[in-house]
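K.L.:
okay, here's the prediction I keep looking at, along with the sequence it came from:
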Amino acid sequence: MPEPSSKLNRVGANYVLKTVSLDAFKAFTFSVFIRLLSRFPTILECNFAMETESSKASSKLMNQDIIKLEQFDGSNFGRWKDKMIFFLTAMKLYYILDPALTPLPEPTAEETQSQKNARMKRAEDALLCRGHILNALSYHLYNFYKETSTATEIWNALDFNYKLQKLGTNKS
């Protein structure tokens, strides 16, 4: 049986023992562990229920590795949009795209800690929402929309462009 710091590679009908670093082995083991955890949602729910406020952003990033959406390339916009809405709702980020979202008041010197926390959470969620939308775009669309500053602007531009495109094809 090979040691943990080595792995077997199959070459033709023979097996060749290849030495890898211990760090690479640990990283591989951790990635397998995360994949296994994703198959047991109750374990993930218990784990996330005990996390603190400061670790919520990192858990969102961890979820990003587990869930991979197909990239939008300009076709099937309605299907992609529905999947993105579901994904952003599951990540508790869809509220950022709500047109009725009230803007937070300007910061003042008398601002309470809860108001500062709310402002910080909104900024983090807006950044994550923008990143998730950009991540789900093809390279061509990503390059086109990467200069757009907010998630809402990207979302509205995509919605406008591809709804018009669909209306143009349905007129015939």
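P.N.:
On my side now, so go ahead. Residues are numbered from 1 along each chain as shown.

K.L.:
can we go C-alpha only for contacts and neighbour counts from here?
P.N.:
Noted.

K.L.:
pull the residues that contact the longest helix anywhere in the chain.
P.N.:
If you go by DSSP state H, the chain has its longest helix at helix 113-135. Residues outside helix 113-135 that contact it (Cα atoms under 8 Å, 6 or more residues apart in numbering): 57, 71, 84, 88, 93-94, 96, 104, 142, 145-146, 150-152, 154-155.

K.L.:
among those, which ones are in helices?
P.N.:
Among the contacts of helix 113-135, DSSP H puts 57, 84, 88, 142, 145, 151-152, 154-155 in helices.

K.L.:
among those residues, who's most crowded?
P.N.:
Of all the ones in helices among the contacts of helix 113-135, Ala151 has the most neighbours under the rule other Cα atoms under 10 Å, reaching 22 neighbours.

K.L.:
give the contact list for that residue.
P.N.:
96-97, 126-127, 129-131, 133.

K.L.:
mind putting those residues into CSV with distance to Lys163?
P.N.:
Compiled in CSV, the contacts of Ala151 are given as follows (distance: Cα to Cα, whole Å):
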residue, distance to Lys163
Ile96, 21
Leu97, 17
Ala126, 24
Leu127, 25
Cys129, 21
Arg130, 20
Gly131, 22
Ile133, 17
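
K.L.:
need the buried ones from the residues you listed selected in PyMOL.
P.N.:
Those of these that count as buried under 16 or more other Cα atoms under 10 Å are selected in PyMOL with:
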select buried, resi 96+97+126+127+129+130+133
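
K.L.:
distance to Gly78 and pLDDT added to the contacts of Ala151, as CSV?
P.N.:
Below are the contacts of Ala151 laid out as CSV (distance: Cα to Cα, whole Å; pLDDT from 0 to 100):
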residue, distance to Gly78, pLDDT
Ile96, 20, 96
Leu97, 16, 96
Ala126, 23, 96
Leu127, 24, 96
Cys129, 19, 96
Arg130, 19, 96
Gly131, 20, 95
Ile133, 15, 96
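
K.L.:
that's all I had, so thanks and see you.
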